[in-house]
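Colleague: 3D, please:
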Amino acid sequence: MSAAFRTIEPGSAIEVDPDLLPTTDRACLRLLVRCGAATSAQVTQLVYNQIRHSQKRLLHFHKAGLLERTTIADTPPGRAEFAYRVGQIGHQRLGTRRTPAPATYVRHALDTVDAVCALNRSRDREHPPVQLWLTDTMTANVLGQFVRPDSIAVVTTDAGSAVLALEIDEGTEHRRTIRAKLAAYRRPLATRPNWHLLVLVPRPIRAAWMVRVAASLELGPRSWVVTRTDLARDSLDCVLQPLAPRLPPASIRSLLQPPRRLSPAPVGSHAWLELLAAGGGETEDGALGP
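Modeller: So this is what the prediction gives:
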């Protein structure tokens, strides 16, 4: 999806000082800096917990010139859904800067946030499954110089933990590019027994194609593919297809092994929102161990 973001005319913007906003509002703005773009539904799950309040606050920030927005093309007829991102004025006020990205990045950013929201689905907001989430702007050099996942998520339940390196496939990249990207994971996965590669694809036909592409790469027993629809529907119980030959399917829940990697600020919790509002700074030590 290629999108043209729009901001309000500078002369008509209402005055908002980000430093004077409450914790959840400042966390929302910082979250959008990190992930690039998000919808009101995604912001609801991660920040505000009420869809109407999310819509109200995002519109407020848009009218203040802090956020830009664009209509999402694939929403149902008669219903307008927007994707929001921090605009130039917002970056200036927050002391941040926009990461250069192609015009088509919006769909990719939204699908990435969707994946994390699916993994983090829980009735207990203060103790959700995702203990740590590194967005693509935070994953450089975590797995070495030549591998940069779209996100890294540490998932923990009572059964144990797993570290998931997420690759979001939009079904547009060709075979050579995909092979090179997958092959780069062989060494990092071989030295990290509790890490898994999870490739998210748009449709089952793309998943089958991904399995064929990866068949000769010897990725080992910890590389998987799943459709975004299955992950959104079944969360940790979704069926994962192995990218290595002759292995049985699994679920994310079945990948979790001791020890339990617990964070003082799991994603979506009040502690995480306070951390974001203050500018970030998650502790990775222990969470991203082998």
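Colleague: measure the residue lying closest to Gln42 once chain neighbours are set aside to Gly289 for me?
Modeller: For Gln42, ignoring the flanking residues on the chain, the nearest one in space by Cβ to Cβ, 6 or more residues apart in numbering is Val113 at 4.8 Å. Backbone N, C-alpha and C define where each C-beta goes, glycine included. As for Val113, its distance to Gly289 is 26 Å (criterion: Cβ to Cβ, to the nearest Å).
Colleague: rewinding a little: helix or strand for the residue nearest to Gln42, which one?
Modeller: Per DSSP states H and E, Val113 falls inside helix 105-119.
Colleague: ok now the helix or strand just after that helix, how far from the chain's centre?
Modeller: As assigned by DSSP H and E, the chain's next helix or strand after helix 105-119 is strand 130-135. Centroid separation for strand 130-135 versus its chain: 8 Å, with Cα atoms, centre = their mean, to the nearest Å.
Colleague: Counting by contacts, list what strand 130-135 packs against.
Modeller: Packing partners of strand 130-135 (3 or more Cβ pairs under 8 Å, 6 or more residues apart in numbering; DSSP states H and E): helix 105-119, strand 151-157.
Colleague: Of those, which is nearest Ile178?
Modeller: Set against Ile178 and scored by Cβ to Cβ, the helices and strands packed on strand 130-135 come closest in helix 105-119, at 14.7 Å.
Colleague: Contacts for the helix or strand harbouring Arg212, please.
Modeller: Counting by DSSP H and E, the element that carries Arg212 is helix 204-214. Contacts to helix 204-214, defined as Cβ atoms under 8 Å, 6 or more residues apart in numbering, come from residues 169, 171, 175, 178-179, 182, 199, 201, 223, 225-227, 241-244.
Colleague: follow-up on the earlier one: look at Val113 and Gly289 and report which has more neighbours.
Modeller: More crowded of Val113 and Gly289, by other Cβ atoms under 10 Å: Val113, with 27 against 15.
Colleague: For the more buried one, which residues are in contact?
Modeller: Contacts of Val113 by Cβ under 8 Å, 6+ apart are Cys35, Ala37, Ala38, Thr39, Gln42, Leu46.
Colleague: can you check Ser40 too?
Modeller: Ile51, Ser54, Gln55, Leu58, Glu81, Phe82, Tyr84.
Colleague: Just the buried residues from those residues, in ChimeraX please.
Modeller: The following ChimeraX line selects those of the contacts of Ser40 that are buried, judged by 16 or more other Cβ atoms under 10 Å:
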select :54,55,58,82,84
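Colleague: Can you show me the strands along the chain?
Modeller: Here the chain has its strands, by DSSP state E, at 38-39, 67-71, 82-86, 130-135, 151-157, 160-168, 195-201, 223-227, 239-242, 250-251.
Colleague: To Phe5, which of those lies closest?
Modeller: Of those, nearest to Phe5 by Cβ to Cβ is strand 67-71, at 3.8 Å.
Colleague: Output the closest one as CSV - backbone C-alpha positions only.
Modeller: This file holds the C-alpha atoms of strand 67-71, laid out as CSV (Å, rounded to 0.1, in the frame of the first residue of the first chain):
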residue,chain,number,x,y,z
LEU,A,67,0.6,13.6,13.6
GLU,A,68,0.0,13.0,9.9
ARG,A,69,-2.6,10.5,8.7
THR,A,70,-3.7,8.7,5.6
THR,A,71,-6.7,6.6,4.7
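Colleague: now it, how far from the chain's geometric center?
Modeller: That offset, for strand 67-71, works out to 19 Å (Cα atoms, centre = their mean).
Colleague: which stretches of this structure have low pLDDT?
Modeller: For the chain, residues meeting the criterion pLDDT under 70 lie at 1-3, 9-13, 74-79, 100-104, 285-286.
Colleague: that older thread, and the contacts of Val113, which two are furthest apart?
Modeller: In terms of Cβ to Cβ, these reach their longest pairwise distance at Ala37 and Leu46, which sit 13.1 Å apart.
Colleague: who touches the residue nearest to Pro202 when sequence neighbours are not counted in this structure?
Modeller: Excluding its sequence neighbours, the residue lying closest to Pro202 (Cβ to Cβ, 6+ apart) is Gly171, at 4.8 Å. Shown in contact with Gly171 (Cβ under 8 Å, 6+ apart): Val201, Pro202, Arg203, Arg206.
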